[in-house]
Each structure stands twice: as structure tokens, then as C-alpha cells.
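>>> need the 3D shape of this:
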Amino acid sequence: MNQIEQKGSGFLNRNQIKYIVILAMVIDHIAWAFVPMDNILGQIMHFIGRLTGPTMAFFLAEGYIHTKNVKKYAIRLAVFSLISLIPFVYFEFGVLPISFADGGSGIQIKPYPGVMYSLLMGLLAICLWDRTKLSKTKKVLLTIVICFLSTLGDWPIFDVLWSLFFFLYRENPRKKWQAFCIVGAICCLPMVLMPVFVGNTWWNGMYNLGIFMVPVLINYGYNGKGGSRHAFHKWFFYLFYPLHLLILGVLKWIVFAS
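Residues are numbered from 1 along each chain as shown. This next block holds a predicted model:
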């Protein structure tokens, strides 16, 4: 089988789901910029935002299967990782990736290129398992290295493993979603429980459970079809991602800065 297993009973194609999770991403980022996490609105907005990373990992695995040129796919992710570097760092920290520390006493380096980079690492992991003849042990060790490298990006480790398992278990839906849930539980449980141990409101990390909406969205919403092949749909996320971060960063650090 050369595609990810789908029931085909959903009512949304790939393009439509991508736009839904892009909207979820914007809601999430607006919350990070302007809404306190320790209130109900912030939790709801972040809960919705948990749709984006896992769903993009799912479609990365699909993209790998359907792309005619994996090298071009990787280059595209790499280029937009670099383009996203300044907007992502500015949105997160209000500074450029390379800036002077307070008082000009030193240089601060924040090499965080965002989710495009994490997806690139996920693509690299898929290529490692699909296109090399290395032993399983070496593949596992190199996957651990890739996961470590992904910590510079957004959704680190998560998107690498999810992308990989979505690909490896594409013909076995049960194993695919079991792997998804295991990775999600291992990665999310500490973040769900952490507020309890650091003295914050106990439900501060509950929004992370939003990742478990993804199996519902994919299994019951996705019809397995790509939708229109117009170039707009291909390039929209690549261009929108850094642009919306830049706009929100300006609003956060300049327009509404206290």
C-alpha cells in the first residue's frame, strides 16, 4: 500500500483540514501572546491549538509518500525553517536570533526556527528508516540523535516520532494510533502534572490533552482525498507561518507592550 490507511468516510479533504489546524495554530499563538494560561479562555485556546503539531506530522508522512521529489520537499522545509527563524524568535522572546544582552555586555544567541524545522527533522527520520540499509539498532540510535536535534524547534521530539510512526504504521491503523497515544502520553503527562509540583493552578497543563483530539479529527473527519492541487494550497502554510508570527510578534512586543 502506498498511502496512509484511511476509512474514507470523513467529510473533509486534506486542504480543508490543513486550514482548520492553521486556524487552531493562530488561536494558540494569540493565546501565548495575550491570554494568561491560568484562566479558562487560555486553556481552551491552547487546547484547540494542540491540534496543529500532530496533524502537521500526519500530513508530513502523507507528503513523503506522495511527493515526487523528497529532496525538494526537504529543501523547501529547510528554506522556510530559516525564513521562520527571525519571526519565531521575535514572537517568543521579543529579540532577534542574535542580539546583545542587557547593557551590551554580551551576545545572546537563540537558534530556534519553529515548527518547520521540527517537521524537517521528522522527514529526516522517515528517510532514515525508509531509504537506508542500516541495522535497526543504528536507526534507533540515529533517531534519538534526530530527536535531540529537534529540540531547537517547536513541537520538538513529538513531531519527529509522530511523523515516523505515522509512516511506519501507515498500513496498520491500530498500531499507528497506539504509537501516537503512547508518545503523546509520555511527552504530555509531565506537562500536565508539572503545575501541581511547581505550585501553579493544578489544571494549568490540562490543555496538552488536546492532542488526543487528533485521532478523532483524522479518523472521522478526513476522507483521504487531497482536494484542489492549486499552488495556493501548497504554498499557503509555508508563507503564512512566518508572516503570522511576525505580525503577532509586533503586536505583542510593540503595539500592546506594557
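
>>> for residue 175, which non-adjacent residue is spatially closest?
Excluding its sequence neighbours, the residue lying closest to residue 175 (CB to CB, 6 or more residues apart in numbering) is residue 169, at 4.3 Å. To be clear about C-beta, it is placed using only N, CA and C from the backbone, and glycine gets the same treatment.

>>> hmm, the one you found is touching residue 179, no?
Yes: at 6.0 Å, residue 169 counts as touching residue 179 under the criterion of CB atoms under 8 Å.

>>> just the helices in the stretch 1-150 of the chain please.
Assigned by DSSP state H, counting those that start in this stretch, the helices in the stretch 1-150 of the chain fall at 14-34, 40-49, 52-66, 70-93, 115-131, 136-149.

>>> state the mean pLDDT of the longest one.
Which is helix 70-93. Averaged across helix 70-93, the pLDDT comes to 97.

>>> and it, how far out from the chain middle?
In this view, helix 70-93 has its centroid 12 Å away from the chain centroid, taken as CA atoms, centre = their mean, to the nearest Å.

>>> any idea of the angle that helix forms with helix 115-131?
If you take axes from the mean of the first three to the mean of the last three CA atoms, to 10 degrees, helix 70-93 sits at 150 degrees to helix 115-131.

>>> what are the buried residues along helix 70-93?
Using 16 or more other CB atoms under 10 Å as the test for burial, helix 70-93 gives 70, 73-74, 76-77, 80-81, 83-92.

>>> kindly report the same for the second one.
Within helix 40-49, the residues that qualify as buried by neighbour count (16+ other CB under 10 Å) are 42, 43, 45, 46, 47, 48, 49.

>>> neighbouring contacts of the helix or strand where residue 245 lies?
Using DSSP states H and E, residue 245 falls within helix 231-250. By CB atoms under 8 Å, 6 or more residues apart in numbering, the residues outside helix 231-250 that reach it are 15, 18, 22, 26, 29-30, 33, 76, 80, 83-84, 86-88, 90-91, 94, 114-116, 227.
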